[in-house]
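Chemist: I need the structure of the sequence given here:
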Amino acid sequence: MTKTWLIYALGGGWGHITRALSLGRIAAKHSKVRILTNSPYAHYLNAEGCLVQWIPDSAGFSATCQQVRHILLNAECDRLIIDTFPRGLGGELADILPQLQHIPRILIHRDINPRYITAKNLRSFVAENFDAVIVPGEGKDLPFCDLPNVHHTAPWLIRSDVDLPERTKTRSHILKVNETIKTILVCCAGQAEELPFFAEIALKLYQELPKCAVRILAADCPPNCQDFWIFHHPGIECLAVADVVVGGAGYNTVYECAALGVPLVAIALKRLYDRQDKRASKCYWVQDIQSAIDTVKMLLDRIEPEKKPLPSYINGAVQAVHHIMSYKF
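Modeler: Residues are numbered from 1 along each chain as shown. Okay, the predicted model is just below:
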């Protein structure tokens, strides 16, 4: 009988849904995979062989919690995987998980604000309600790392190195850039209200660096950016062929650029739970638009445009699927 994995990936922006698809697309080769999300970008995605069940982001807090409760309490699955929030984004899993003892429950433990962990007494909750904890490349100093049944992997990526398309094709067909031109990719992968901020960066780069190609990667076209806006999913395919990337310090942007060997000029954006400043310290961390532009110029001075081979890296999502499949619950 085909096994079914249910992945809880609620949260705004691209982060949670991309991490879920990174895992789900690999698991879908042998199991049915159902991803539960309220990302406003769900309809832009290639489901990658998974069933994406969308709760509209406009549904409101109470209605969203109610739908999640109904889905999970009536779920028929062999693995329940919860991304980041042990009690659920709105605390709606707190009284549900103890009722699901018959289903193996796995927590994906990304870095989150320790104040949230303390306020909700999450350490004891995780110990009591999860059969396994997987840390997707975020280090060994996270709050739950010393609990039993913790497993570490490399960061999860929605494309393994062997899946990346040929470099010249991506640059010419998607970015529409010649191989010899230095290329800056501004990545707006966070919340919709941050689009004007990244559009301002892209416009200033476009105006100040006329000999370079500037592209802004976003789900929707920002004002005055029609000439250099692109949308492509998954974005990692575009990051792979850029010379410099400018973006937030979210999980996917940071670890994708690190795996690809592309310098990231990162701005730590404010989040309720995520600590982007901690992750930004691994990149070229800047505080404002002018610092971002100055850093891009400095990096471009060091770079010679050339046809580079695609990088080789380990995809932690592959490691995680193998672990979840082989784990004896």
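
Chemist: So what's the gap between stretch 66-79 and the chain middle?
Modeler: 24 Å (C-alpha atoms, centre = their mean, to the nearest Å).

Chemist: which residues make contact with it from outside it?
Modeler: 3-6, 8, 10, 31, 34, 36, 53, 55, 59, 80, 88, 92-93, 96, 99-100, 103-104, 106, 324 (C-beta atoms under 8 Å, 6 or more residues apart in numbering). Using the backbone N, CA and C atoms, a C-beta is placed for each residue, glycine as well.

Chemist: one more time with 6 Å
Modeler: Residues outside stretch 66-79 that contact it (C-beta atoms under 6 Å, 6 or more residues apart in numbering) are Lys3, Thr4, Trp5, Leu6, Ile55, Glu92, Ile96, Pro104.

Chemist: Are any of the residues you listed buried, and if so which?
Modeler: Of all these considered here, the ones buried according to neighbour count by 16 or more other C-beta atoms under 10 Å are Thr4, Trp5, Leu6, Ile55, Glu92, Ile96, Pro104.

Chemist: Which two among the residues you listed are spaced furthest apart?
Modeler: Ile55 and Pro104 (23.5 Å; C-beta to C-beta).

Chemist: can you give me the helices for the stretch 51-200 of the chain?
Modeler: With DSSP state H, counting those that start in this stretch applied, the stretch 51-200 of the chain shows helices at 61-73, 114-119, 122-129, 167-170, 195-208, listed in chain order.

Chemist: just the ones you listed: most buried one?
Modeler: For the helices of the stretch 51-200 of the chain, ranked by mean neighbour count under the definition mean count of other C-beta atoms under 10 Å, the leader is helix 195-208 at a mean of 18.

Chemist: Just the residues contacting stretch 27-47, thanks.
Modeler: For stretch 27-47, the surrounding residues in contact (C-beta under 6 Å, 6+ apart) are 2-10, 14, 17, 20, 24, 49-55, 57, 219, 233, 321.

Chemist: Could I have the CA atoms of stretch 316-323 written out in PDB?
Modeler: Extracted C-alpha coordinates of stretch 316-323, given in PDB (Å, rounded to 0.1, in the frame of the first residue of the first chain):
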ATOM      1  CA  GLY A 316      19.700  17.800   2.900                       C
ATOM      2  CA  ALA A 317      16.100  17.100   1.700                       C
ATOM      3  CA  VAL A 318      17.400  13.900   0.200                       C
ATOM      4  CA  GLN A 319      19.000  12.900   3.500                       C
ATOM      5  CA  ALA A 320      15.800  13.800   5.400                       C
ATOM      6  CA  VAL A 321      13.600  11.600   3.100                       C
ATOM      7  CA  HIS A 322      15.900   8.600   3.600                       C
ATOM      8  CA  HIS A 323      15.900   9.100   7.300                       C
END
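
Chemist: And that stretch, what's buried?
Modeler: Gly316, Ala317, Val318, Gln319, Ala320, Val321, His323.

Chemist: quick one, what contacts the first one?
Modeler: Just to be clear, that refers to Gly316. Neighbouring residues of Gly316 by C-beta under 6 Å, 6+ apart: Pro136, Gly137, Thr153, Ala154, Pro155, Trp156.

Chemist: Out of the contacts of stretch 66-79, flag the one nearest to Ile303.
Modeler: Sorting the contacts of stretch 66-79 by how near they are to Ile303, with C-beta to C-beta, puts Trp5 at the top with 41.4 Å.

Chemist: Next, count neighbours for Arg79.
Modeler: 22 (other C-beta atoms under 10 Å).

Chemist: Now do it against Ile134, distance only.
Modeler: When C-beta to C-beta, to the nearest Å is the yardstick, Arg79 and Ile134 sit 12 Å from each other.

Chemist: I'd like the buried ones among the contacts of stretch 66-79 written out as JSON lines, with pLDDT and distance to Gln287 added.
Modeler: As requested, the buried ones among the contacts of stretch 66-79 are arranged in JSON lines below (pLDDT from 0 to 100; distance: C-beta to C-beta, whole Å):
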{"residue": "Thr4", "pLDDT": "94", "distance to Gln287": "46"}
{"residue": "Trp5", "pLDDT": "97", "distance to Gln287": "41"}
{"residue": "Leu6", "pLDDT": "97", "distance to Gln287": "40"}
{"residue": "Ile55", "pLDDT": "94", "distance to Gln287": "35"}
{"residue": "Glu92", "pLDDT": "94", "distance to Gln287": "36"}
{"residue": "Ile96", "pLDDT": "93", "distance to Gln287": "41"}
{"residue": "Pro104", "pLDDT": "94", "distance to Gln287": "44"}
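
Chemist: For Tyr116, state which of the residues you listed is nearest.
Modeler: The shortest gap between Tyr116 and any of the buried ones among the contacts of stretch 66-79 belongs to Glu92, at 15.4 Å (C-beta to C-beta).

Chemist: Can you check the pLDDT for the residue nearest to the closest one when sequence neighbours are not counted?
Modeler: By the measure of C-beta to C-beta, 6 or more residues apart in numbering, the closest residue to Glu92 outside its immediate chain neighbours is Cys65, 3.8 Å from it. At Cys65 the predicted local confidence, pLDDT, stands at 92.

Chemist: One more: Ile106?
Modeler: pLDDT, Ile106: 97.
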